[in-house]
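Enquirer: got a sequence here, can you model it:
(2 chains)
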Amino acid sequence: MNSAAARGIEAGSVDSQLADLAAASLAKEAGAQGAGGIGFEGVTVAYKGSIVLADFTLAVRPGEVLALIGPSGSGKTTALRAVAGFVRPVAGRVSVGGRDVTDLPPHARGIGMVVQNYALFPHMRVAENVAFGLRARHAPETEVRAQVESCLAMVGMAAFGRRYPRELSGGQQQRVAIARALAIRPDVLLLDEPLSALDAQIRHAMIEELARLHRSLPALTVLYVTHDQSEALTLADRIGILRDGRLRALGPSRELYRRPPNRFAAEFLGGANLLPVVIETPDAGNGFSEVRFGTTRLRALRPEGAAAGETRLLCIRPHNLTFVPGDPAANTVLARVHEVRWKGELHDLTLEAEGRTLRLASVPLRAPPEPGAVVSAYFAPDEATLLADEGDG
Amino acid sequence: MLVWSKRGRAGAWLVFGILAGVVYGLPAAVILCASLARSWNGVLPSGLTLGHYAQAVSGSSGAALEASLITGVVASALAVLNGTAAALALRRMEGMPRRVLDAVFFLPSAMPSVSIGLGLLVAFSRPPILLNGTIAIVFAAHFVLISAFTFGAITAGLARLSPDYEQVAASLGARPIYRLRRVTLPLVLPYLIAAFSLSFALSMGELGATVMVYPPGWVTMPVQIFGLSDRGDVFHAAALTILLAASTLAALASVSLVPARSAAR
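Expert: Numbering: from 1, shown residues only, chains lettered A, B, ... in the order given. Below you'll find the predicted structure:
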């Protein structure tokens, strides 16, 4: 498999060290899933001749929450639907709990699934919705009742069993959909953009709710598809980033955010500042390299295999940039303020330095600089990574 | 709202009222008046009577009403069954085969009913399938004529059904038949009811094919009305027409009372 995984990662990255790390991680996991894990091995899915998921290899560990993110049409929902059995790969294998399910019909896979619009059966009451899977499996009625009560209680909907879905709010419907998926006691739960139909406030509450739910069901493996990076960062143990049907980056959420392996991951996850720099001193001590951005010398984490004179992209998150009062100090970029936007909980500033645009996100400032002012923006060297300059990533 | 001013709206309603009155109201009023008229020699009928109605519900006219109701229910039920099966089968089909089969199912709606009656007579007047002279050929004629509309209504209902419902049901372990019975059919029930109602209304008014194929002893209301009009008994024919319309509306009203909770999505 793992050449395939490596191909998937490397396709979006010239940063071969990080790609190798990801591939090595995949190699360790592939075929080593215990009960409840999910495995994709070289899965390719095509619709009417066009490939929407290409040679996709990924192992989701038992009990892990793995988020697949990516822009529209990146193949993330297709990957989830391949696990559920709603699309049939033209190549590759899909396994759940170590069992090859590629050729099994959806009803034989034993997977819980929650979709974007919840798809609660409108002609059934809440309790009947939750009982549906158990009754479809001919579970004894006493067990059905007990399990329905327990699952509704778990999502805080015990008092709503007699209601019809149309009598519930979006958030309540979402809870019922989760209870319905969990009622069949699946090892694997597939969540397809489950929060996208909710407004921002309820979405925040539901993210907390999902996190709490997973803490109470630690053995449950969750494959979470979303286009919302904040959901992914909050909930997922690991994140996979897809683009054009290929896995472009994979790693623990925090690691992927702090040390994106390639330009696409840096831009898609967190909207990083990417500045073209030239490596002056590959090994400047303490694990840093010294680079030149225009006429400014800066320090950043040393990438493996860096050579003097090489062009790289300096990746700095907007919130890792801070103003430094007074004269420019080390690791500061002299920039002109272009735009200042107040967003309530933060100030969002657009700066221009050496002809490049930088974003700086700060806690609300008492006296924000005026547009046109020249400021010094500092970043810690260990918060900056150097990525391969690979075009549009 | 296309017309904003009060005066404009009043004008629009007036035009609509006149058109509807002339096109729908006037013929219906004439038939109603004729059904109650003892005689009609001037502008308005002279003398009122319920005698035509008493005549209509007895004897051959009563039997015609029964024949129409039975034919309508049987043909509509068969059309709904067939239309549901066909719509479900074609649902996942794409491309040319789908277009060809769609055209086949819609073909009867583009053919004159008399031609369909003639076709059935020619096809089923000799062995191995001999239906000529039986009630079955009337059912067959009505079934062929209404099946296109039934198929269309059910296909439209299935097209509006989000695949998420069935996919989630499948992920929960529901096998295809269980899914069909517990999810798909209940969710399209409003469309099945609409399809049945439309078929029933069409069948109750069907004349062209029926007049070609009906056997003795199975005269439907439209055939009876046509016969009476042809013989000049227009008052009796008018009373039968009113009864036909009333019984069709009553049947449709009772069908609409079937609970369809899925409609309230």
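Enquirer: from here on, just use CA atoms for contacts and neighbour counts.
Expert: Fine.
Enquirer: which of the helices and strands in chain B ranks last by mean pLDDT?
Expert: Within chain B, no helix or strand scores below strand B:46-48, which has a mean of 81 by mean pLDDT, DSSP states H and E.
Enquirer: that one pairs with which strands, and in what direction?
Expert: strand B:37-39 (antiparallel) (DSSP bridges).
Enquirer: which residues does the partner strand contact?
Expert: Here strand B:37-39 makes contact (Cα atoms under 8 Å, 6 or more residues apart in numbering or on different chains) with B:45, B:46, B:47, B:48, B:49, B:235.
Enquirer: ok, now with 6 Å
Expert: B:45, B:46, B:47, B:48, B:49 (Cα atoms under 6 Å, 6 or more residues apart in numbering or on different chains).
Enquirer: got the buried residues for that strand?
Expert: B:37, B:38 (16 or more other Cα atoms under 10 Å in any protein chain shown).
Enquirer: so for it, what's the average pLDDT?
Expert: Averaged across strand B:37-39, pLDDT comes to 83.
Enquirer: show me where the stretch 101-250 of chain B has its strands.
Expert: In the stretch 101-250 of chain B, the segments counted as strands under DSSP state E, counting those that start in this stretch are B:125-126, B:129-130.
Enquirer: rebuild the contacts of strand B:37-39 as CSV, extending it with distance to residue B:24.
Expert: Formatted as CSV, the contacts of strand B:37-39 follow (distance: Cα to Cα, whole Å):
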residue, distance to residue B:24
B:45, 20
B:46, 23
B:47, 25
B:48, 23
B:49, 24
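Enquirer: of those, closest to chain A?
Expert: Set against chain A, the nearest of the contacts of strand B:37-39 by Cα to the nearest Cα is residue B:49 (49.6 Å).
Enquirer: so the closest one makes contact with residue B:35?
Expert: No. The criterion here is Cα atoms under 6 Å, and residue B:49 misses it with residue B:35 at 8.3 Å.
Enquirer: which one's more surrounded, those two?
Expert: Per other Cα atoms under 10 Å in any protein chain shown, whichever of residue B:49 and residue B:35 has more neighbours is residue B:35, with 25 against 14.
Enquirer: ok, that one - contacts?
Expert: Here residue B:35 is in contact with B:235, B:238, B:239 (Cα under 6 Å, 6+ apart).
Enquirer: what's the overlap in contacts for residue B:49 and residue B:35?
Expert: In contact with both residue B:49 and residue B:35: no residue, using Cα under 6 Å, 6+ apart.
Enquirer: show me what the helix or strand hosting residue B:68 is packed up against.
Expert: Residue B:68 belongs to helix B:59-91 when elements are defined using DSSP states H and E. When contacts are defined as 3 or more Cα pairs under 6 Å, 6 or more residues apart in numbering or on different chains; DSSP states H and E, helix B:59-91 packs onto helix B:135-160, helix B:185-204, helix B:221-230.
Enquirer: between those helices, which one is nearest to chain A?
Expert: Of the helices and strands packed on helix B:59-91, nearest to chain A by Cα to the nearest Cα is helix B:185-204, at 7.2 Å.
Enquirer: what's the burial count for the single nearest residue of the stretch 101-250 of chain B relative to chain A?
Expert: Ranked by Cα to the nearest Cα, the top residue of the stretch 101-250 of chain B for proximity to chain A is residue B:173, at 4.0 Å. A total of 27 residues lie near residue B:173 under the criterion other Cα under 10 Å.
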